[in-house]
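**Q** Can you look at this prediction? I've put the sequence above it.
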Amino acid sequence: MKSSILVVDDEPVARQSLTDILKLEGYVVNSAPNGQAAVEYIRVHSVDLLIVDLKMPGMDGLEVVQVVNQISPETEVILLTAFGSTETAIQALRLRIHDYLLKPATPAQIISTVKKGLARRMAKSRVANAAAIDPEDQIEAITLKDGTLVDLSRRQIKQKNKIEHLTPAEGRLLRILMENEGKVFSHRELVLLVQGYDTTQREAPEILRPLVSRLRHKLEKFPLLSEQVVSVRGTGYLYEGNK
């Protein structure tokens, strides 16, 4: 399914130009001439990404974003403005805006940030789906072929006289991987699922690495389990499961 984008700008030429650029890239693009029209559109339509001008008569860009965050929190937002300021940039960050571009932005800049915003939208959606596991379907414990018992509810791993206790974060990481056998999670998705906040694809591996390192160290006592938690080069991690 093609991604849906809404362009909001009170300047007809700028609005049409943005719309044309994005349509040529294959996106489904609609437009609105003001903030109120944008909000009314998003109330009844699914929008993956919103590109909104900051300075508009009536409801300005930041006011639009505040409302959109309430009615459609999954929508990614790019703020466009010819009047950049430190204060506005800080407000944009507080509202969790994906990007902040100064006019006139080039087509290449616009396309690049739109692609990144939609990738972030897809990653967050995937994480939400992975996290939406019915409590009754959650795995409490798994016994591997070699007799290793992984007790996810107690965050313990046992085999004969060996036992390891996991921290809450280590336990969440192992649970996510084991409950989604064969599924590759990106570093960014795992930071969001385990730590509870979003970060950039560039920063995520650095944030995740110490946690993975500590978990791997504890898994070394249990070779079969350890070899099933696999690093996917340049991407993230997966749990291969019993082979």
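**A** Noted; the coordinates are in hand. Numbering: from 1, shown residues only.
**Q** Tell me which stretches of this protein form strands.
**A** Assigned by DSSP state E, the chain shows strands spanning 4-8, 28-32, 49-53, 76-81, 99-102, 141-143, 149-151, 156-159, 162-165, 185-186, 229-232, 236-239.
**Q** could you give the mean pLDDT of the third one?
**A** Looking at strand 49-53 alone, the average pLDDT works out to 94.
**Q** and that strand, C-alpha only, in CSV?
**A** Below are the C-alpha coordinates for strand 49-53, written out as CSV (Å, rounded to 0.1, in the frame of the first residue of the first chain):
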residue,chain,number,x,y,z
LEU,A,49,3.0,11.7,7.3
LEU,A,50,2.1,15.4,7.6
ILE,A,51,4.1,18.3,6.1
VAL,A,52,2.9,21.5,7.6
ASP,A,53,3.9,25.1,7.3
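**Q** Among the strands of the chain, show the one with the smallest mean pLDDT.
**A** Looking at the strands of the chain, the bottom one is strand 99-102 with a mean of 81.
**Q** Could you name the helices and strands sitting against it?
**A** strand 76-81, helix 86-94, helix 107-131 (3 or more CB pairs under 8 Å, 6 or more residues apart in numbering; DSSP states H and E). Backbone N, C-alpha and C define where each C-beta goes, glycine included.
**Q** which one of the ones you listed has the lowest average pLDDT?
**A** Taking the mean pLDDT of the helices and strands packed on strand 99-102, helix 86-94 comes last: a mean of 60.
**Q** Can you tell me how far the most centrally placed residue in the chain is from residue 74?
**A** Centrality entry for the chain: nearest residue to the mean C-alpha point is residue 124, 3.1 Å, by CA atoms, centre = their mean. In this view, residue 124 and residue 74 are 7 Å apart by CB to CB, to the nearest Å.
**Q** try residue 169
**A** Taken as CB to CB, the span from residue 169 to residue 74 is 25 Å.
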